[in-house]
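Chemist: dropping the sequence and predicted coords here.
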Amino acid sequence: MKLAIKREEIRIGVVSDTHIPDRIKGLHPALLPALRARQVDLILHAGDISTPRVLAELEQVAPVLAVRGNRDFAFWGKLPLVQTVEVGSVQIAMMHGHGNWKNYLWDKWQYVREGYRLERYHPLLLGTVPDARVIIFGHTHRPVMTWQAGRMLFNPGSASKILRAFDPTFGIIRVRHGHIIEGEIVDLQGDGQAPASRPLARD
């Protein structure tokens, strides 16, 4: 998909792992207002949506594209595992990050043995869409904004309070002048207070 908006700066909201209603009843009260305040042109949901009403609520703010996560049984056959969006000269790829069921089960075993390691996901993330400059993923519930060989790996974290060690977060990706990429993780702080931003990552 090519985003048909022509402007100096395109703003994309990035949400993942809402898990409604399997782990939490509804969207964080600060999420939709925060997305509106940032005037996003598009919202990307990186999976584990769980129910269609989440996408309907996000669509009140901006058009939504989503991929299927390992908990998205309601979206089987309706959402792809990988989506790509072209913004200016920047190709953005989005996937949940769990891979196929064999990869998912192997990762679960590795997680039990050695805990979380981002490097375990590198082959899947970097190899699935080799031409993408931005790779969005979810699944781990841990926010990530880092660069690998000139490519941004971006996980917005979970927009719901799932892991005790992490507040709910979402992400913003900005593409300026058709090729300059900036990323931001926004902390919803778990209690409905005004969101707080982490520093931008810039290419």
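Modeler: Alright, I've got the coordinates. Just so it is clear, the structure is predicted and the values come from calculations on it, not from any experiment. Numbering: from 1, shown residues only.

Chemist: and what about Gly10, helix, strand or coil?
Modeler: Just to correct that, residue 10 is Ile rather than Gly. Three-state call for Ile10 (DSSP: H, G, I helix; E, B strand; the rest coil): strand.

Chemist: hmm, I was thinking of Lys102
Modeler: Once three-state DSSP is applied, Lys102 turns out helix.

Chemist: also the one 10 residues further on?
Modeler: The three-state assignment at Val112 reads helix, by three-state DSSP.

Chemist: all the strands of this protein, residue numbers only.
Modeler: Using DSSP state E, the strands of the chain run over 9-15, 42-45, 64-66, 82-87, 90-95, 134-136, 144-148, 151-155, 169-176, 180-187, 196-197, 201-202.

Chemist: make JSON lines out of these and add distance to Leu27, mean neighbour count and mean pLDDT.
Modeler: For every residue, glycine as well, the C-beta is placed using N, CA and C. Putting the strands of the chain into JSON lines (distance: least, C-beta to C-beta, whole Å; neighbours: other C-beta atoms under 10 Å; pLDDT from 0 to 100) gives the following:
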{"stretch": "strand 9-15", "distance to Leu27": "9", "mean neighbour count": "24", "mean pLDDT": "97"}
{"stretch": "strand 42-45", "distance to Leu27": "11", "mean neighbour count": "24", "mean pLDDT": "98"}
{"stretch": "strand 64-66", "distance to Leu27": "13", "mean neighbour count": "21", "mean pLDDT": "98"}
{"stretch": "strand 82-87", "distance to Leu27": "21", "mean neighbour count": "18", "mean pLDDT": "96"}
{"stretch": "strand 90-95", "distance to Leu27": "19", "mean neighbour count": "23", "mean pLDDT": "97"}
{"stretch": "strand 134-136", "distance to Leu27": "19", "mean neighbour count": "26", "mean pLDDT": "97"}
{"stretch": "strand 144-148", "distance to Leu27": "22", "mean neighbour count": "16", "mean pLDDT": "93"}
{"stretch": "strand 151-155", "distance to Leu27": "19", "mean neighbour count": "24", "mean pLDDT": "96"}
{"stretch": "strand 169-176", "distance to Leu27": "10", "mean neighbour count": "24", "mean pLDDT": "96"}
{"stretch": "strand 180-187", "distance to Leu27": "14", "mean neighbour count": "21", "mean pLDDT": "94"}
{"stretch": "strand 196-197", "distance to Leu27": "18", "mean neighbour count": "12", "mean pLDDT": "58"}
{"stretch": "strand 201-202", "distance to Leu27": "26", "mean neighbour count": "14", "mean pLDDT": "57"}
